[in-house]
Structure formats: C-alpha cells, structure tokens
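> sequence first, predicted model second:
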Amino acid sequence: QPIATDMETLSRKVKKFASDKKLEIEMLQVREQYRREFLGNVSHELKTPLFTVQGYLSTLNEGAMEDKAILKKYLERAEKGVERLIYIVEDLDMISKLESGELNLEFSDFDIVELVQSVIDMLEMKAAKKNISLVLEHNNKPMWVWADKDKLQQVIINLIVNSIKYGKVDGETEISVTGFTSKKLLVRFTDNGEGIESQNIPRLFERFYRVNKSGSRSEGGSGLGLSIVKHIIEAHKQKIYVESEFGKGSEFSFTVDRAHKQFKK
Ligand code: ADP
C-alpha cells in the first residue's frame, strides 16, 4: 500500500500542479486582456487632444494666422490641448507607479485640517469661476493624522476638483474632518452638484470610467482621478465611501489613521 499511497499523493500533486498551471494561465490571460484594454484606453485618451491641437495648428498654418484675433484664439486652444495632454500623462504616470507598487508611502504626523485648508486656498479661484464656495467645517482644533502627506494632498485635490467640475453654479462643497473610531478620522466632501445615478456608482473608481464622457472631457477629465484616489486610500489600508443622489449631490469620504501622539494623551 505504501506505493499506492505514494501514487495517490503523486497524482494529487500532479493534479494540483496541473490546476495551478491552469489558474496561472488564466491569470496571465486576464492580465494580458487588462493590459490590452489599458493601452487601448490610453491611446484613445491621448488621440482626442492630439487631434485637437493638430487641427488648430494646421488651420493656422493654412492661412488663418494672418488674422491676429484668430491666431491668438487658436494658439490658446492649442495650448489648452497640450495642457490636457500633460495632465493625462501625469495621471497615467501616477497610476502606473501606484499599480506597480513602485510608489512607497512616506508616513509622517501632520494636521489634516491645515492640509485641507491649503488645498482649499489653492482651488478657490477655480471654484470662484462657478461661484462655488468651499467651506471647511472645523472647530479650529488641529486634527493630527499618520499618513503620506503628499499622497493625501493628491486625494483631497482630486475630490475637491471633482466637486467643482460636477458641481452646480452657485453651489457649495462642504469639507469636514470628524472622529470616526478611536483610531481613525473621517474626511468628508459633500457637494450639491449633479449627483450620480446609483447604477453608475460601482464603476466610478475604475480607470477611465466616466458617467458622462463628453461632459467630463470638456471639464478636462481623463477618468483617472477617482482611480488614483482609491489606490492611494487602499495603499494606506483605509476605506473610501460614496453616497450620491442623482440631481441632488454627492458625498465622498475616506478614513485616515489618527496620529499616535493624539491618543497617548
Ligand atoms: P474625471 O476625470 O472624469 O473627473 P474621475 O475618475 O475623477 O474622472 O471621476 C469619474 C467620474 O465620476 C466622472 O467622470 C463623473 O462622472 C463622476 N464623478 C466624480 N466625482 C463626482 C461628483 N462629485 N459629482 C458627480 N459626479 C462625479
């Protein structure tokens, strides 16, 4: 019987190995499909602004540049297109670094209220163009967290920029930092903008996903912002939540660890 047992073990091993191999091949196929889709999306995203820029430049070259007013207008539009290309490439760079695990988090203690305020100051002009007010709810107390400050700044920028892009003229975005658990805080971004239909919510964080493609593009979106946000929050082992009512507004929130020095006291 020892031989039989050994044969059994062996055949089990062979089967296990075979099924692992199958799994491995399946995984490779999925990865390959993913890669192909990604490249397809990237080239599609880059083509649109490239053709726009080319269009303006060749029209100018064909004679339109004799007219000073048109020359200025088209050059400005071409510049906008190039700006958009830069944003897309920067977002792609960030995504690829986050996905390959190449980007290490650099943790430190900092006051998240101050960080949110600095982002608000940075984006106030952009919000003012739609007469949207950015309101930070706080009680003047610093809220110390333990996280990668630069990455969280990126998260806060993306969420506030979205609340402006998809916000209503004369609207408001409220940002609050509150206690969540004894070890975590919750940072919340509430807008009274266009909102998101519930069937679209599960896909929001996918790369390149946009509810309204043309609307998002005209706002300079690449569909990568929320995907970057999710990657950064998950790299911190934290959670991100969305609640939205179509036509009424949306609320995005994420958790962050409180700094140790806070709960030592
Ligand atoms: P984009 O570059 O298109 O803004 P994101 O990944 O940041 O890409 O967002 C994906 C999509 O989610 C957007 O195109 C938009 O449809 C929707 N969305 C994101 N934030 C909001 C918001 N605050 N209100 C309504 N829709 C939003």
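Thanks, I have it.
> can you pull out the helices in the stretch 1-150 of the chain?
2-61, 68-99, 112-128, 149-165 (DSSP state H, counting those that start in this stretch).
> so of those, which one's packed in deepest?
helix 149-165 (a mean of 21; mean count of other Cβ atoms under 10 Å). Any C-beta I mention is one placed from the backbone N, CA and C, and that applies to glycine too.
> now do that helix and helix 112-128, the angle between them.
Put simply, helix 149-165 runs at 30 degrees to helix 112-128, going by axes from the mean of the first three to the mean of the last three Cα atoms, to 10 degrees.
> and the residue lying closest to residue 123 once chain neighbours are set aside, how far from residue 44?
Closest residue to residue 123 apart from its sequence neighbours, by Cβ to Cβ, 6 or more residues apart in numbering: residue 160 at 5.4 Å. Using Cβ to Cβ, to the nearest Å, one gets 27 Å for the distance from residue 160 to residue 44.
> where does this protein have low pLDDT?
Residue ranges of the chain with pLDDT under 70: 1-8, 10, 18, 215-218, 220, 261-265.
> packing partners of the strand or helix carrying residue 251?
Per DSSP states H and E: residue 251 is located in strand 249-257. If contacts are counted by 3 or more Cβ pairs under 8 Å, 6 or more residues apart in numbering; DSSP states H and E, strand 249-257 sits against strand 144-148, helix 149-165, strand 184-191, helix 225-235, strand 240-245.
> same thing but 6 Å
Counting by 3 or more Cβ pairs under 6 Å, 6 or more residues apart in numbering; DSSP states H and E, the packing neighbours recorded for strand 249-257 are strand 144-148, strand 184-191, strand 240-245.
> hmm, the second one in reach of the ligand?
Yes: figure legend: strand 184-191 in contact with the ligand (Cβ under 6 Å from any ligand atom); contacting residues residue 191.
> paired strands for that strand, with orientation please.
Listed by DSSP bridges, the sheet partners of strand 184-191 and their directions read strand 172-179 (antiparallel), strand 249-257 (antiparallel).
> rewinding a little: output the helices of the stretch 1-150 of the chain as TSV; include the columns distance to the ligand.
Listed next are the helices of the stretch 1-150 of the chain as TSV, based on distance: least, Cβ to the nearest ligand atom, whole Å:
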stretch	distance to the ligand
helix 2-61	10
helix 68-99	8
helix 112-128	13
helix 149-165	3
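> how about JSON lines for these, with distance to residue 207 added?
What follows is the helices of the stretch 1-150 of the chain, written out as JSON lines (distance: least, Cβ to Cβ, whole Å):
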{"stretch": "helix 2-61", "distance to residue 207": "7"}
{"stretch": "helix 68-99", "distance to residue 207": "7"}
{"stretch": "helix 112-128", "distance to residue 207": "23"}
{"stretch": "helix 149-165", "distance to residue 207": "14"}
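> what's the closest of the ones you listed to residue 185?
helix 112-128 (6.9 Å; Cβ to Cβ).
> okay, angle between the strand holding residue 251 and strand 144-148 too, please.
Using the same axes, to 10 degrees: strand 249-257 against strand 144-148 is 90 degrees.
> contacts for strand 249-257?
145-147, 159, 180, 184-193, 195-196, 233, 238-244 (Cβ atoms under 6 Å, 6 or more residues apart in numbering).
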